[in-house]
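Student: Quick check, what structure comes out for this input:
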Amino acid sequence: MKKFGLNHFLSVLDSVRSMKALTFGLTLVRHAETMYNQKGLLQGQAIDSPLSETGLQQAEAAGLYLKDVVFSNVFVSDMLRARQTAEKIMQHNSSCSGLQMVCDPLLKEKSFGIAEGGRVQDFKEMAKAVGEPFPDFTPPGGETQEQVKERVKTFWDKMLQRIGAVHWDDRRQEEAPPRSSVEGKADDGVGDVPVHALVVTHGAYMRVALRYIVEELHCCLPRGCDEVHVFSLSPNTGLCRFRLNVTKQGNRFVLLDVRCVFVHRAEHIQK
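Tutor: Residues are numbered from 1 along each chain as shown. Purely as a prediction, here's the structure:
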């Protein structure tokens, strides 16, 4: 896979400055823990379980961590565990008081077919028995990685069009260069942008989304961050953040570039 480093990012940034572009942030969050997570059981789409007591505490912690981060849009999987997580985050955030939570089935978890409701360990054994890697295995009745990726791509474009249509006039005449280092703050990468989307979804879905963003959208990764970590399962309420530049071509909005600020941040549940 072709690597895209700092020089590539700076080159793209120069191009962005030479044309009209909207810069916005995207914070991707995995839902908080459910009893199924706690017991090592697969949920997928057929099982719409609520958050556990620990999960409610995790969602509360994520909300407190993000309480001063400004959001302009909220997109959420229409499954209960994701909606409960988003609700907790929004309750603590004054910028969300007038926002509508947009529930989108495109953000649903991957379907695991006949394996749903069973043990994750049994799912791994099923994959091993047919000689396939665990994360990519599709049990009977489940979604393939490609099918999930198509949902990711459709949501991504839908998000770009919605944000572009609503916020195009919020772009700045001269885009300031992003901070060169991550400071470990809740607003890393988004403190200087006028538009910021919160997206709450699921673990397996996020794995596919991150692979698509890195491999097909050529996302620039943070220094010292390897793909093994990026493509690993995010912890419950793990946070990933990106910074995007979008321009307008005719009546459509298209991505110019995307940069990853951090992946799988979980300090809020590790204290």
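
Student: pLDDT of the helix ranked longest in the chain, averaged?
Tutor: Counting by DSSP state H, the longest helix found in the chain is helix 145-167. Mean per-residue pLDDT for helix 145-167: 97.

Student: State the next helix or strand along the chain beyond that helix.
Tutor: strand 195-201 (DSSP states H and E).

Student: from the chain's centre, how far out does that next one sit?
Tutor: Put simply, strand 195-201 sits 7 Å off its chain's centre (CA atoms, centre = their mean, to the nearest Å).

Student: What are the boundaries of the strands in the protein?
Tutor: 22-30, 73-77, 101-104, 195-201, 239-249, 252-265 (DSSP state E).

Student: Nearest to Val148, out of the ones you listed?
Tutor: strand 195-201 (11.0 Å; CB to CB). Yep, even glycine has a C-beta here, placed from its N, CA and C like the rest.

Student: Need the contact partners of the closest one.
Tutor: 22-31, 66, 69-77, 82-83, 85-86, 89, 96, 107, 109, 159, 163, 167, 170, 190, 209 (CB atoms under 8 Å, 6 or more residues apart in numbering).

Student: before we move on, back to that, need the strands of the chain in a markdown table with distance to Thr154, mean pLDDT and mean neighbour count, can you?
Tutor: Formatted as a markdown table, the strands of the chain follow (distance: least, CB to CB, whole Å; pLDDT from 0 to 100; neighbours: other CB atoms under 10 Å):
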| stretch | distance to Thr154 | mean pLDDT | mean neighbour count |
| --- | --- | --- | --- |
| strand 22-30 | 16 | 97 | 25 |
| strand 73-77 | 13 | 98 | 23 |
| strand 101-104 | 10 | 98 | 17 |
| strand 195-201 | 14 | 98 | 25 |
| strand 239-249 | 17 | 96 | 21 |
| strand 252-265 | 14 | 96 | 18 |
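
Student: right, and these - which one's nearest Glu116?
Tutor: Nearest of the strands of the chain (CB to CB): strand 73-77, 15.6 Å.

Student: worst-scoring helix or strand of the protein, pLDDT-wise?
Tutor: helix 6-17 (a mean of 51; mean pLDDT, DSSP states H and E).

Student: Return the distance of Asp169 relative to Cys260.
Tutor: According to CB to CB, to the nearest Å, Asp169 stands 27 Å off from Cys260.

Student: helices or strands next to the longest helix of the chain in the packing?
Tutor: For helix 145-167, the elements it packs on are strand 22-30, strand 73-77, strand 195-201, helix 203-215, strand 239-249, strand 252-265, judged by 3 or more CB pairs under 8 Å, 6 or more residues apart in numbering; DSSP states H and E.

Student: Determine which of the ones you listed approaches Met101 most closely.
Tutor: Between these, strand 73-77 lies closest to Met101; by CB to CB that is 4.9 Å.

Student: How many neighbouring residues does Lys20 have?
Tutor: 10 (other CB atoms under 10 Å).

Student: check contacts around it.
Tutor: By CB under 8 Å, 6+ apart, the neighbours of Lys20 are 171, 247-248.

Student: ok, 10 Å please
Tutor: With contact set as CB atoms under 10 Å, 6 or more residues apart in numbering, Lys20 has these partners: 168, 171, 173, 247-248.

Student: Same check on Phe242?
Tutor: Counted by CB under 10 Å, 6+ apart, Phe242 has contacts 24-28, 189-190, 197, 199, 210, 213, 217, 219-220, 258-263.

Student: next one: Val120
Tutor: Contacts of Val120 (CB under 10 Å, 6+ apart): 36-37, 39-42, 112, 134.

Student: Please identify, among those residues, the one with the most neighbours.
Tutor: Neighbour max across the contacts of Val120 (other CB under 10 Å) = Phe112, 25 neighbours.

Student: Stretch 101-117: end-to-end distance?
Tutor: End-to-end distance for stretch 101-117, by CA to CA, to the nearest Å: 28 Å.

Student: can you pull the buried residues of it?
Tutor: Along stretch 101-117, these residues count as buried under the neighbour rule (16 or more other CB atoms under 10 Å): 101-104, 106-113, 115-116.

Student: Please convert those residues to TSV, extending it with distance to Val130.
Tutor: Output for the buried residues of stretch 101-117, formatted as TSV (distance: CB to CB, whole Å):
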residue	distance to Val130
Met101	39
Val102	38
Cys103	35
Asp104	32
Leu106	29
Leu107	29
Lys108	25
Glu109	22
Lys110	18
Ser111	18
Phe112	15
Gly113	14
Ala115	13
Glu116	18
